[in-house]
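Student: Pasting a predicted model and its sequence here:
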Amino acid sequence: MPRHSEQRYLPYTPEQLYELVADVARYDEFLPWVTAVRIRSSSETEMVADLIVGFGAFRERFTSKVVKDRPKAITVDYVEGPLKFLHNEWRFEPAGEGTNLHFAVDFAFRNRLFEAVAGQVFDRALRKMTSAFEQRAAALYGTNAVPAQAQTKGS
């Protein structure tokens, strides 16, 4: 089962990064492979959302519960879809003029074949997705400060 955790310094406030990650309804505008989003319910502290993810002819719907703790953290837990489970966490810690972003994801497919295939491309896909979040932050908030520094721990 793939696992990944990463810590980065980004030149944005915790509130800005929180807003970016919490804006699930716009994921299809900038995240690779996300082709559609439907918010089932949303409040200040919790959301249930469907994401349609597509790779060529492959399309799957994932339903997740998002727990929001403004502006400190966002936790995502899997509700239904093709996975056995999914859990990811975003933590936003103030650091000087920016934020130390902590991200972790842990998931497993129901199908062992998908699991084997996912393991081969997992790191590359995650790098592409984290890069998409950083590019979205730069587009929304500018590239105004210290260059991002990254520390990554593999799966």
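Tutor: Received it, and whenever you're ready, just let me know what you need.
Student: Looks like residue 78 contacts residue 106 (just checking).
Tutor: No. Residue 78 is not in contact with residue 106 according to C-beta atoms under 8 Å; the separation is 10.2 Å. To be clear about C-beta, it is placed using only N, CA and C from the backbone, and glycine gets the same treatment.
Student: Identify the contacts common to the two.
Tutor: Common neighbours of residue 78 and residue 106, using C-beta atoms under 8 Å, 6 or more residues apart in numbering, are 85-87.
Student: The helix or strand hosting residue 108: partners in the sheet, and parallel or antiparallel?
Tutor: Under the criterion of DSSP states H and E, residue 108 resides in strand 98-109. According to DSSP bridges, strand 98-109 forms sheet pairs with strand 3-10 (antiparallel), strand 83-95 (antiparallel).
Student: quick revisit: okay, the shared contacts of residue 78 and residue 106 in JSON lines with distance to residue 62 next?
Tutor: Shown next, in JSON lines, are the shared contacts of residue 78 and residue 106 (distance: C-beta to C-beta, whole Å):
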{"residue": "85", "distance to residue 62": "11"}
{"residue": "86", "distance to residue 62": "7"}
{"residue": "87", "distance to residue 62": "13"}
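Student: Give me the ChimeraX select line for those, limited to the buried ones.
Tutor: To isolate the buried members of the shared contacts of residue 78 and residue 106 in ChimeraX, using 16 or more other C-beta atoms under 10 Å:
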select :86
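Student: Which member of the shared contacts of residue 78 and residue 106 is positioned nearest residue 23?
Tutor: Proximity of those to residue 23 (C-beta to C-beta) peaks at residue 86, which lies at 19.3 Å.
Student: What is the burial count for residue 83?
Tutor: Look at residue 83: counted by other C-beta atoms under 10 Å, it has 19 neighbours.
Student: Test my guess that it contacts residue 107.
Tutor: Yes. Between residue 83 and residue 107 a contact is recorded at 5.6 Å, counting by C-beta under 8 Å.
Student: between these two, what contacts are shared?
Tutor: The overlap between the contact sets of residue 83 and residue 107 (C-beta under 8 Å, 6+ apart) is empty.
Student: Residue 46 pairs with what?
Tutor: What pairs with residue 46, by the bridge criterion (DSSP bridges), is residue 67.
Student: could you list every residue that touches it?
Tutor: Here residue 46 is in contact with 65-68 (criterion: C-beta under 8 Å, 6+ apart).
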